[in-house]
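Peer 1: Next comes the sequence, and after it the predicted model I'd like to discuss.
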Amino acid sequence: MLLYLIRHAEAEDLGGAITRDFDRPLTAKGRTQSQLLAKSFAARGIVIDTVAASPLVRAHQTATELLSVWAPGTRPVTCDELAIGMLKPAKLTTWLMELPANGSRLPSRSEKAIAAVGHMPDLGEYLEWLLGADVGTIHFAKAGAACVRVKGSDITRGCGALEWLITPDMA
C-alpha cells in the first residue's frame, strides 16, 4: 500500500466564536494550500483511492479540499484514530489497509493508495513508527505530505519505507 500522510492546512486560531480546538476551520490560506497540494499530486499523476481524515474540522476540511480536485463529489472517510491524542499505530495501519480502494485505478498500479489527513505531533509520531525512526525526529509543516510504502501485511514498527516528504513550498 502507498500511504500518503498529510498534515491539515493552516487553520484559524482559537478565540472569538471559536471556543474549541475541535472546531477550528481552515483559513483562506489553508484552503489555498490544500488546493495547491491536490493539484501538485494530480500534475505528477498521483492517484489516490481513498482519503481518510481526522474528525477535527480543519483536517476534514483539508481532506474535502483535496477531494474537490482528486475526486469531485466524494467525501473523506472519518477516522477517529487520526484525531489528536488517539494514535495507536498498528491499529491505524490495519484500519487504513482495510479501507476499500474507491478511486479509479490504473491497470498498471497494483498498490492501493490511501491518503490520511491528521495533526502534529501524532502524524510525525506515526511516520516515525512506520519507518522505525527515532522519536521526535520528524515534523510535518501545515499542508506537508509524506509518501510511505507499507510493505506486506506484517504491521510492526518499521514496516514502511519513506518515498518522499515535502513541505507546502515544494508542492
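Peer 2: Structure received. Keep in mind that what you see is a predicted model, and the values were worked out from it rather than measured.
Peer 1: what residues does the lengthiest helix in the chain touch?
Peer 2: What stands out as the longest helix in the chain, according to DSSP state H, is helix 28-43. Outside helix 28-43, the residues within contact range by C-beta atoms under 8 Å, 6 or more residues apart in numbering are 4, 6, 8-11, 26, 48, 58, 61-62, 65-70, 142-143, 145, 168, 171. All C-beta spots, glycine's among them, are computed from the backbone N, C-alpha and C.
Peer 1: just how off-centre is it within its chain?
Peer 2: Helix 28-43 sits 13 Å away from the centroid of its parent chain (C-alpha atoms, centre = their mean, to the nearest Å).
Peer 1: With stretch 117-126 instead?
Peer 2: Distance, centroid of stretch 117-126 to centroid of chain: 9 Å (C-alpha atoms, centre = their mean).
Peer 1: cool, stretch 164-171 as well?
Peer 2: Using C-alpha atoms, centre = their mean, the offset of stretch 164-171 from its chain centre is 13 Å.
Peer 1: Just give me the neighbour total for residue 124.
Peer 2: 22 (other C-beta atoms under 10 Å).
Peer 1: Three-state assignment for it, please.
Peer 2: Secondary structure state of residue 124, per DSSP: H, G, I helix; E, B strand; the rest coil, is helix.
Peer 1: what do you get for residue 130?
Peer 2: helix.
Peer 1: Please indicate which of the contacts of helix 28-43 are buried?
Peer 2: Neighbour counting over the contacts of helix 28-43 (16 or more other C-beta atoms under 10 Å) leaves 4, 6, 8-11, 26, 48, 58, 61-62, 65-67, 69-70, 142-143, 145, 168, 171 as the buried ones.
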